[in-house]
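*Asks:* just to be clear, the model below is a prediction. Sequence and coordinates:
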Protein chains: 2
Amino acid sequence: MKRSSASLPILTEAPQRAERADAVANRRRILATAEKLFAKRGVANVHMADIAKAARVGQGTLYRHFANKGELCLALLDAQMAEFQDRTLSTLREMSARRERKLEQLLWFLDAVVRFNARHAPLLCAAQREVMVPESPTGAPFQWQRLTVVGLLQGAERDGEIEAGLDLPAIADVLLAPTHPPVFNFLHVASGYTLDRISAAIQQVVRGLGCR
Amino acid sequence: MKRSSASLPILTEAPQRAERADAVANRRRILATAEKLFAKRGVANVHMADIAKAARVGQGTLYRHFANKGELCLALLDAQMAEFQDRTLSTLREMSARRERKLEQLLWFLDAVVRFNARHAPLLCAAQREVMVPESPTGAPFQWQRLTVVGLLQGAERDGEIEAGLDLPAIADVLLAPTHPPVFNFLHVASGYTLDRISAAIQQVVRGLGCR
DNA sequence: TAATTTATCGGACACCTGTCCGTTTGTCAA
DNA sequence: TTGACAAACGGACAGGTGTCCGATAAATTA
C-alpha cells in the first residue's frame, strides 16, 4: 500500500494526477481528529483504531495516509517544526549579523532545541522511530538541526574558536544525542532533570570545546 | 502476575520459599532456547510465542519469568554485563594504581562502553525500554556505568584536570547519551558511523573538558 | 451525459504482545 | 505415605498494530 506523499514526480513516470478531493479532506480530518484526541487523553492513550473511528474513516484509509502512529505524530508537528526552523535560522542570521561568536550561537541553538523537544515530548516520543531513520521516506525531520550544528562548528573552527581538525559532523551528533526523544525523555522524565539542567550540561560540554 | 525475582526478602514478610525446581529448570530452558533462536534468526525476528513453543512452555510461563522480551534479553546479557563490569572496574583500578590521569581513564572507559554496546547491539536494542527505566524492578542495568563516569569526572575535578563547579552528574549523562541503545544504533547503523569514529568523537568532546 | 479508469476506500483478518484463571504439580508437614 | 498449600503451569483470550483486497467513487474522456 503506497503512502500519500508530497514527493516530486519522477522524471521517467507519467505526470501524477492531483490527489483526490476526498483523500485531501480525509487526511485533514484524520489530523484534526487525532490532535483533538491527543489533547484530551494524551498521545500514548489514543490508539490508531480510536482515531479512525472518531474520524469516521476505515483503518485502511488511516494507514494509507500515515504508515504508523509515529508518522501521524510527525505530520502533526509539521507546522510547528517548520516555524521553529524558520525562527531559529532567522535568529541565527541576526546573531551572525551582530558578529556574535559561533559558539554563542551554538549554545543558543542547542538550548532552543532542548526546549522545543520538551514542549513536544509526547508527539516526539510517539514518533521516535521515525525521527531516527534518516533515510525514511519522509526524510529525517531533524536533519536540518544536525546540519545547523555542523555549520556552526565549522564556523567556529574557521574563526579559531575551537581547535582545528576535529570530526565536526560526528561531534555534532554527540552533542545532539541528549536531545533525541528517547534519551531526552529518559533524562527529563525518568531521571528527573529539569530542562535548564539538561541544557546547562550540554552547554558546559560545548564550552569545553572552546579554545582558551 | 508477579515476576520471579532475585530481590532480597523484605523484612516484614515471611521468609520466602526457594524457587521450585521446575521453575528453575524452565527459566534455564527458556533462556537457552531464546539464545539459540536469536543466534539463528536475529533477535528482532524471534517472537515470544516462538520462544515459548520451542522451549515447550506455555506463554503464561514465559511471561511469568520475564515481563517482556526486553527483560529476557537483559537476562541473556547478565553474565556478559557482570563480566564487563568486573573487567572494566578492575582495569580502572590498575590505571589508578599507575597514576594515570582521570581523563585518560574516562576516555578508556567510554571507548570500552561503546565497544560493549556494539557487540551486544541487537539484545540491547530489544531491551532499550528496560535499559532506560532507572526505577525498574530489575534496577537500571547500566547505572554502574553512569556512576563510574561521575566518579571519574569527580576525580578529574579533584586533581585539577577539569574546571571546578561543573554539573558532573548531568555531564556524565550527556557523555553517555550517544551510547544509549537507540541513539547508538542510529549513529552506527542508520548514519553509518564506524565504532572508531563514534568513540573518537566522544573522546574529542571529553578532551575539550580538560584544562589546558 | 455516460462510460471508463483507477485512486481511494473500509472492515475483515493476520499477527504479536501480553493477561487471566482454572488446573497441575512441587514441596513440606503430619 | 497422604494431605494441604500455594507456586507455577498453559492456553484461550483480549487488545493494539498493521495488511489485504474486493468495493466504491472521484476524475477524466468520449
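*Replies:* That came through, no problem. Numbering: from 1, shown residues only, chains lettered A, B, ... in the order given.
*Asks:* in chain A, what helix or strand scores lowest on average pLDDT?
*Replies:* Using mean pLDDT, DSSP states H and E, helix A:128-131 stands out as the lowest-scoring helix or strand of chain A, at a mean of 82.
*Asks:* by contact count, what packs against that one?
*Replies:* helix A:69-97, helix A:181-185 (3 or more CB pairs under 8 Å, 6 or more residues apart in numbering or on different chains; DSSP states H and E). For the C-beta atoms, the positions are set from N, CA and C on the backbone; glycine is no exception.
*Asks:* relative orientation of the helix or strand just after it and helix A:69-97 in degrees?
*Replies:* Where DSSP states H and E defines the elements, the next helix or strand beyond helix A:128-131 is helix A:143-158. Here the directions of helix A:143-158 and helix A:69-97 differ by 30 degrees (axes from the mean of the first three to the mean of the last three CA atoms, to 10 degrees).
*Asks:* what does helix A:143-158 rub up against?
*Replies:* A:85, A:88-89, A:92, A:101-103, A:105-106, A:109-110, A:113, A:134, A:162-164, A:166, A:168-169, A:171-173, A:175-176, A:179, A:209-210 (CB atoms under 8 Å, 6 or more residues apart in numbering or on different chains).
*Asks:* distance of the residue nearest in space to the middle of chain A relative to DNA strand C?
*Replies:* Nearest to the mean C-alpha position of chain A, by CA atoms, centre = their mean, lies residue A:142 at 4.2 Å. Distance, residue A:142 to DNA strand C, by CB to the nearest atom of the strand, to the nearest Å: 27 Å.
*Asks:* pLDDT value on the closest residue to residue A:80 other than its chain neighbours, please?
*Replies:* Sequence neighbours aside, residue A:120 is the residue nearest to residue A:80 in space, at 6.7 Å (criterion: CB to CB, 6 or more residues apart in numbering or on different chains). Per-residue confidence at residue A:120 stands at 94 (pLDDT).
*Asks:* residue A:120 and residue A:79 touch, don't they?
*Replies:* No: Residue A:120 lies out of contact with residue A:79 (CB atoms under 8 Å); the separation is 11.5 Å.
*Asks:* sorry, back to before: can you tell me how far the closest residue to the residue nearest to the centre of chain A other than its chain neighbours sits from residue B:63?
*Replies:* Nearest non-adjacent residue to residue A:142, counting by CB to CB, 6+ apart: residue A:131, 6.2 Å away. Residue A:131 sits 30 Å away from residue B:63, going by CB to CB, to the nearest Å.
*Asks:* more crowded one of those two?
*Replies:* A direct count of neighbours by other CB atoms under 10 Å in any protein chain shown for residue A:131 and residue B:63 places residue A:131 higher, at 25 against 16.
*Asks:* OK, contacts around that one?
*Replies:* Taking CB under 8 Å, 6+ apart, one finds A:70, A:74, A:124, A:140-142, A:180-181 in contact with residue A:131.
*Asks:* one step back: just the ones of the contacts of helix A:143-158 in helices?
*Replies:* Using DSSP state H, A:85, A:88-89, A:92, A:102-103, A:105-106, A:109-110, A:113, A:168-169, A:171-173, A:175-176, A:209 are the members of the contacts of helix A:143-158 that sit in helices.
*Asks:* give the buried subset of those residues as a ChimeraX selection command.
*Replies:* Applying 16 or more other CB atoms under 10 Å in any protein chain shown to the ones in helices among the contacts of helix A:143-158, the buried members can be selected in ChimeraX as follows:
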select /A:85,88,92,102,103,105,106,109,110,113,168,169,171,172,173,175,176,209
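*Asks:* of the ones in helices among the contacts of helix A:143-158, list those near chain B.
*Replies:* Here is what survives when the ones in helices among the contacts of helix A:143-158 are matched to chain B using CB under 8 Å from any CB of the partner chain: A:171, A:173, A:175, A:209.
*Asks:* closest to DNA strand D among those?
*Replies:* The shortest approach to DNA strand D among those belongs to residue A:173, at 25.9 Å (CB to the nearest atom of the strand).
*Asks:* ok, that closest one - contacts?
*Replies:* A:146, B:178, B:187, B:191, B:193, B:201 are the contacts of residue A:173 under CB under 8 Å, 6+ apart.
*Asks:* nearest residue to the third one other than its sequence neighbours?
*Replies:* Sequence neighbours aside, residue B:193 is the residue nearest to residue B:187 in space, at 4.9 Å (criterion: CB to CB, 6+ apart).
*Asks:* tell me how far stretch A:32-44 is from the chain's mean position?
*Replies:* 19 Å (CA atoms, centre = their mean, to the nearest Å).
*Asks:* list the contacts of it.
*Replies:* A:46, A:50-51, A:54-55, A:72-73, A:76, A:122-123, A:125-126.
*Asks:* among those, which are located in strands?
*Replies:* Using DSSP state E, no member of these falls in strands.
*Asks:* just the buried ones out of those, please.
*Replies:* A:46, A:51, A:54-55, A:72-73, A:76, A:123, A:125-126.
*Asks:* turn those into a markdown table, including pLDDT and distance to residue B:35.
*Replies:* Formatted as a markdown table, the buried ones among the contacts of stretch A:32-44 follow (pLDDT from 0 to 100; distance: CB to CB, whole Å):
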| residue | pLDDT | distance to residue B:35 |
| --- | --- | --- |
| A:46 | 96 | 37 |
| A:51 | 97 | 39 |
| A:54 | 96 | 44 |
| A:55 | 96 | 45 |
| A:72 | 96 | 37 |
| A:73 | 95 | 35 |
| A:76 | 95 | 41 |
| A:123 | 94 | 37 |
| A:125 | 90 | 31 |
| A:126 | 92 | 32 |
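*Asks:* list the ones among those residues that fall in helices.
*Replies:* With helices defined by DSSP H, the entries of these inside them are A:51, A:54-55, A:72-73, A:76, A:123, A:125-126.
*Asks:* nearest to chain B, of the residues you listed?
*Replies:* residue A:125 (11.4 Å; CB to the nearest CB).
*Asks:* pretty sure that closest one is in contact with residue A:180, am I right?
*Replies:* No: at 10.7 Å, residue A:125 and residue A:180 do not qualify as touching, with contact defined as CB under 8 Å.
*Asks:* give me the common contacts of the two.
*Replies:* Shared contacts of residue A:125 and residue A:180, defined by CB under 8 Å, 6+ apart, are absent.
*Asks:* tell me the angle the one helix or strand residue A:25 maps to makes with helix A:69-97.
*Replies:* Secondary structure assignment for residue A:25, by DSSP H and E: helix A:21-41. Orientation of helix A:21-41 against helix A:69-97 (the same axes, to 10 degrees) gives an angle of 80 degrees.
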